[in-house]
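1. sequence and predicted structure below; questions after.
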Amino acid sequence: MRSSRGFLSRSWIVSVVAVAVACAGDAGSHQTQTRQSAEIANSEAPLRRVTRLVVDSAALEGVREAATELPRLHSLLVAHRGEVVAEWYFNGADAGEPANLKSASKSVLSALIGIAIAEGILEGVDQTVAPFFRPKLADGADPRLQRITVGHLLSMRAGLESTSFGNYGRWVTSSDWVRHVLSRRFVDEPGGRMIYSTGSTHLLSALLTRAADTDTWSYARARLAEPLGIRLPRWTRDPQGIYLGGNNMELTPRAMLRFGELYRNGGRHEGRQVVPESWVRASWTPQTISPWNGYRYGYGWWIRRVRGHSVNFAWGYGGQFIFVVPALELTVVMTSNPRGGGRGYRRDLYALLSNYIFSALRPIGSEVAEAGAG
């Protein structure tokens, strides 16, 4: 068999080039919200829907063979129509080993915000957040801070300079993470272009802590982990004791799969509505576009189209993924050794999904091709 790794990388280049061409005019530009909304609307034509699918066991073996050639891959779990059809561990990993979700934690935090809104703890995505942080605001603070909403933080459109990437170390070594975020300069208006920043989701954790009168971990354990029957260990806290919003949560791959299946089933688990169905839909509705990869972003979830189907995914640095493909009734989890993370490895994982896992699903009966099918 030819090298799966080489095939994965080569086959993904076409998609990457297409994305690069599509978003070349956006990269590095100062997009307005109006332009983004138009681009999102143009990208959301109805998708192809397959009436019924089954898993081809022979093709699934090809998935496993391709996965074994990825030296950093730790786990690959595939669920189709609620049934786990593949669960593999690689390179010394095992089922009991929790993965650091990295930024896939943002999708979990988004679920907590949706639950808090449903419980009336928070008013909604249009609620402004400055009233929660008045003691943290400096004298003469930029008045635009008063306009930032819950929805802006969830969709990375607060307008504040990022605390991620090259700014991350300075942020997490500061004496007050919340104050540090709120003191960043504005590089766009609230509700403007996407500015990816873990500081934005940390503000949501701080807001939830105050509004719910309990810490984020305790709220997450009671409202999400226990209803799902999964374990959520404690994770990083800031100097004031606030759990880091949007990074460093840990879940086993099976727990990640259960979380993905929760969303695929409209927020329900074993007959219980854990996350409001309306929040699942809202989370998967594009709010903005990333200027550096062209993907859409909702409320803590990434959205892109793969082979004519909308794929919603939680994405963490170094190869931590939860992919949910509602039209295919498919949920896929991948975890990896995060060291040495880069675009090449990420493309390999994307191609493992699109070229191998998708191909392991065979239609029975007819396919219905709707307008806009890719």
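-> Looks like it arrived, so ask away.

2. show me the strands in the stretch 101-250 of the chain, by range?
-> 250-251 (DSSP state E, counting those that start in this stretch).

3. for the one helix or strand residue 84 maps to, list every residue counted as buried.
-> Residue 84 is located in strand 83-89, with elements delineated by DSSP states H and E. Across strand 83-89, burial judged by 16 or more other Cβ atoms under 10 Å covers 85-86, 88-89. (Each C-beta comes from the backbone N, C-alpha and C, glycine too.)

4. stretch 338-354 now?
-> 338, 341, 345-354.

5. check contacts around the residue lying closest to residue 339 once chain neighbours are set aside.
-> Leaving out its chain neighbours, the residue that sits closest to residue 339 by Cβ to Cβ, 6 or more residues apart in numbering is residue 318, at 6.9 Å. By Cβ atoms under 8 Å, 6 or more residues apart in numbering, residue 318 lies in contact with 72, 102, 336-341.

6. how about residue 287?
-> Counting by Cβ under 8 Å, 6+ apart, the residues that residue 287 touches are 40, 151, 154-155, 157, 296-299.

7. would you check how far apart it and residue 183 are?
-> 25 Å (Cβ to Cβ, to the nearest Å).

8. for residue 215, same thing?
-> Taking Cβ to Cβ, one finds residue 215 at 24 Å from residue 183.

9. same question, residue 207
-> From residue 207 to residue 183 the distance is 17 Å (Cβ to Cβ).

10. looking at the two, which is more packed in?
-> Using other Cβ atoms under 10 Å, the more surrounded residue of residue 207 and residue 183 is residue 207, with 25 against 17.

11. I'd like to know how many residues surround the closest residue in space to the more buried one that isn't next to it in sequence.
-> Leaving aside its sequence neighbours, residue 207 sits nearest to residue 132 (Cβ to Cβ, 6+ apart; 5.0 Å). For residue 132, the neighbour count with other Cβ under 10 Å is 19.

12. over to residue 133?
-> Quick note: residue 133 (other Cβ under 10 Å) scores 19 neighbours.

13. now it: closest residue in space that isn't a chain neighbour?
-> Using Cβ to Cβ, 6+ apart, the closest residue to residue 133 is residue 182 (6.1 Å).

14. one more: residue 224?
-> Residue 224 sits nearest to residue 111 (Cβ to Cβ, 6+ apart), 6.1 Å away.

15. which residues touch the one you found?
-> Applying Cβ under 8 Å, 6+ apart, the residues contacting residue 111 are 224, 259, 263, 275, 279, 283, 300.

16. now do the contacts for the fifth one.
-> Contacts for residue 279 (Cβ under 8 Å, 6+ apart) come out as 111, 114-115, 117-118, 267, 299.

17. so where is this protein shaky, pLDDT-wise?
-> 1-51, 341, 365-374 (pLDDT under 70).

18. just give me the residue closest to the centre of it.
-> In the chain, the centroid-proximal residue (Cα atoms, centre = their mean) is residue 314; its distance is 2.5 Å.

19. that residue belongs to a strand?
-> Yes - with DSSP: H, G, I helix; E, B strand; the rest coil as the criterion, residue 314 is part of a strand.

20. in this structure it contacts residue 333, no?
-> No - assessed by Cβ atoms under 8 Å, residue 314 is found out of contact with residue 333, at 9.4 Å.

21. which neighbours do these two share?
-> Joint contacts of residue 314 and residue 333 (Cβ under 8 Å, 6+ apart) are 260, 321-322.

22. check contacts around residue 116.
-> Contacts of residue 116 by Cβ under 8 Å, 6+ apart are 122, 208, 211-212, 219.
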